[in-house]
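Undergrad: here are the coordinates; sequence isn't available:
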């Protein structure tokens, strides 16, 4: 979905830099193993929430 909506998100983000935080492209929507899925989800959340914080983070 990122590649379909990033231009819309950038339009409202203004000068803020947006980046993709998600699974790599894959023909399968999930890895197929619960433990691997949980590890991937945890890593994804950590990556998405630990990005750079600017002065406008509370906007």
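TA: Perfect, I can see it now. As the structure is a prediction and not an experimental result, all values here were calculated from the model.
Undergrad: Tell me where the longest helix sits in this protein.
TA: Secondary structure of the chain per DSSP state H: the longest helix is helix 34-49.
Undergrad: distance between it and the chain's centre?
TA: Mean-position distance between helix 34-49 and its chain equals 11 Å (C-alpha atoms, centre = their mean, to the nearest Å).
Undergrad: average pLDDT for that helix?
TA: Taken as a whole, helix 34-49 has an average pLDDT of 88.
Undergrad: Go ahead and flag the most central residue of this protein.
TA: Nearest to the mean C-alpha position of the chain, by C-alpha atoms, centre = their mean, lies residue 21 at 2.4 Å.
Undergrad: Now it: closest residue in space that isn't a chain neighbour?
TA: Closest residue in space to residue 21, ignoring its immediate chain neighbours: residue 48 at 3.8 Å, by C-beta to C-beta, 6 or more residues apart in numbering. C-beta: built from backbone N, CA, C; applies to glycine.
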